[in-house]
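Student: Give me a model of this one.
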Amino acid sequence: MAAMTVTSAPMTKEELKAELEKTFPDLLPAKASVGDYLTLRLPDSAKLLPVVRHLKDKLGFDYLDMVNATDWLGPVSLAGFIREPNFNIFLPEGANPQAEPPAKTAGVDYRDAIELSWCLSNLARRIKLFLKLDVPRAGGKAPSLISLYKAADWQERELFDLYGVRFDGHPNMTKILTPDFTVGHPLLKDYIHQKDRFD
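Tutor: Model (predicted):
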């Protein structure tokens, strides 16, 4: 097996894109890039591990900055929030004014999907890359990156807890932020809070 050539010369996003296209020609540019970083969309979840393993082992991307998610269903549903006004002697009308339901923003690509995002860094060559993947809002799943980056552990558990996305291969896919009795996933746009013993 040939040893990887170690270099600390900065890599441009054009050079990185060209390197990836040699092995993974089906990676697509994302509709919206993250800042000025190279942002690519995976065609399906089966590509995640091969692409990330190639980035780590062959191209020196040895740091996982973050794993994140966005629910693109639409504006958040106010049904998920307690909206009764609190009685307050200083505000007779109530401390929490009733909010109007938010309207959709023109030009936003609303869809019935959760978009997962991974940010990876090659620190020596001073370059970051974002990978994106849409998964279904109900029963969405993707491979876990914990075998490649230990930093994926708690981040994947957070997304499971708050969005309901499962990461196959994670050794402890359990809630991490909300109590066990919390029903649903609080960062989904259509989440509806069910009263519990703390209400």
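
Student: ok, which stretches of the protein are helices?
Tutor: 13-23, 48-57, 152-163 (DSSP state H).

Student: Now tabulate those helices in a markdown table and tack on mean neighbour count.
Tutor: Placement of C-beta: from N, CA and C, glycine included. Shown next, in a markdown table, are those (neighbours: other Cβ atoms under 10 Å):
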| stretch | mean neighbour count |
| --- | --- |
| helix 13-23 | 14 |
| helix 48-57 | 17 |
| helix 152-163 | 20 |
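
Student: how about the strands in this structure?
Tutor: Applying DSSP state E to the chain gives strands spanning 28-29, 38-41, 63-71, 113-122, 127-136, 141-143, 166-168.

Student: can you redo those as JSON lines with mean pLDDT?
Tutor: Formatted as JSON lines, those follow (pLDDT from 0 to 100):
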{"stretch": "strand 28-29", "mean pLDDT": "92"}
{"stretch": "strand 38-41", "mean pLDDT": "97"}
{"stretch": "strand 63-71", "mean pLDDT": "98"}
{"stretch": "strand 113-122", "mean pLDDT": "98"}
{"stretch": "strand 127-136", "mean pLDDT": "98"}
{"stretch": "strand 141-143", "mean pLDDT": "98"}
{"stretch": "strand 166-168", "mean pLDDT": "98"}
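
Student: Identify whichever of these lies nearest to Pro102.
Tutor: Evaluated over the strands of the chain, closeness to Pro102 peaks at strand 63-71, with 13.7 Å, by Cβ to Cβ.

Student: Pull out the buried residues from that closest one.
Tutor: Buried residues in strand 63-71, counted by 16 or more other Cβ atoms under 10 Å: 64, 67-69, 71.

Student: repeat for stretch 178-190
Tutor: Under 16+ other Cβ under 10 Å, the buried positions of stretch 178-190 are 185, 187-189.

Student: just those now: which is nearest Trp118?
Tutor: Leu187 (17.5 Å).

Student: dump the residue contacts of Trp72.
Tutor: For Trp72, the contacting residues are 109-115, by Cβ atoms under 8 Å, 6 or more residues apart in numbering.
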